[in-house]
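[1] quick one: sequence plus predicted model below, questions after.
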Amino acid sequence: MAEGCMMALRYGMVFFNLLFWLGGCGILGVGVWLSVTQGNFATLSSSLPSLSAANLLIAVGTIIMVIGCLGCVGAVKESRPLLLTFFILLLLIFFLEILSIMLFFIYQDKIDHYAQRDLKKGLQLFGTEGNVGLTNAWMIVQTDFRCCGVTNHTDWFEVYNATRVPDSCCLEYSDNCGLDNPGTWWTAPCYERVKDWLNENLVALWIFALCTALTQVITAFKLSCHTYKYKKDKKNINNISINIYTHYVLITIK
């Protein structure tokens with residue numbers, strides 16, 4: 001019965017981590033594709049230009065692939081060191097997720113202040129040479145979220161030193177529509193629009209990530225313990241069998 005449960009636990013972990021690894025491969029592939037074809041895609045921060053969507057996808061995909069590979073190989077080979085490494089990494093990620101959530105809520109006002117300041121600073125690089133990723137990111141954000149500027153459309157006035165905005169701020173896109181009157185522009189702040197979207201979608205994502213990590217931690221710990229106990233019992237049985245066989249041989253010789 002115990003051996004059957006262990007087999008089910010092992011195969012379940014292999015299957016789950018194989019899907020986990022394949023998902024990591026997909027995320028990594030998308031990140032590499034964006035990096036090669038789009039450059040620093042979705043880079044909104046001027047102080048952290050490497051914090052782009054492409055680089056984030058590459059980092060997340062690599063981490064998922066490594067963890068999935070450790071869990072899958074460790075379960076197949078019943079390797080206690082690999083399972084313990086897998087367990088420790090997942091436990092570390094689980095606590096980092098909890099810590100990041102706590103810090104976000106504790107310092108939310110300061111994060112908003114510094115983020116808005118950094119984004120406004122990044123507006124100055126819009127349309128300049130070598131900042132294609134930042135320019136494309138702002139165009140996509142303003143078009144998709146129907147917003148303009150960080151806190152309002154007047155943020156662009158300081159960039160252009162004139163009463164104008166990028167064409168992506170227009171209610172109906174056309175060339176040089178950003179030179180028209182403000183009644184033809186989006187007025188909603190992009191920071192609040194994106195923040196609301198993240199709050200609506202990231203809660204479910206955080207819950208899913210925490211539940212997945214916790215399930216993986218418990219499974220890895222149980223499988224590691226069962227593997228250790230199974231191998232120990234198997235070793236004891238082998239020793240007993242050897243002793244019985246040796247005793248039988250000695251009796252036969254006598």
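    Arrived safely.

[2] contacts and neighbour counts: CA atoms only from here.
    Noted.

[3] quick one: contacts for residue 168?
    139, 140, 142, 143, 178 (Cα atoms under 8 Å, 6 or more residues apart in numbering).

[4] ok, the fourth one to residue 173 distance?
    Read that as residue 143. 9 Å (Cα to Cα, to the nearest Å).

[5] who has more neighbours out of the two?
    It is residue 143, of residue 143 and residue 173, that has more neighbours when counted by other Cα atoms under 10 Å, with 19 against 14.

[6] that older thread, ok, of the contacts of residue 168, which come out buried?
    Buried residues within the contacts of residue 168, counting neighbours by 16 or more other Cα atoms under 10 Å: 139, 142, 143, 178.

[7] so how far is residue 176 from the residue nearest to the third one when sequence neighbours are not counted?
    Pointing back at residue 143 there. Excluding its sequence neighbours, the residue lying closest to residue 143 (Cα to Cα, 6 or more residues apart in numbering) is residue 168, at 5.5 Å. Going from residue 168 to residue 176 by Cα to Cα gives 10 Å.

[8] geometric centre of this structure: which residue is closest?
    For the chain, residue 60 is the residue whose C-alpha lies nearest the centre (Cα atoms, centre = their mean; 4.6 Å).

[9] assign that one to helix, strand or coil.
    When classified by DSSP: H, G, I helix; E, B strand; the rest coil, residue 60 comes out as helix.

[10] list the residues that contact it.
    Taking Cα under 8 Å, 6+ apart, we find residue 60 in contact with 24, 27, 28.

[11] please apply the same query to residue 120.
    Neighbour list for residue 120: 150, 155 [criterion: Cα under 8 Å, 6+ apart].

[12] again, but for residue 176
    With contact set as Cα under 8 Å, 6+ apart, residue 176 has these partners: 166, 167.

[13] assumed residue 147 was part of a strand.
    No. According to three-state DSSP, residue 147 belongs to no strand; its state is coil.

[14] my read: it touches residue 188, true?
    Yes. Between residue 147 and residue 188 there is a contact under Cα atoms under 8 Å: 4.7 Å.

[15] looking at those two, which has the bigger crowd around it?
    residue 147 (26 against 19).
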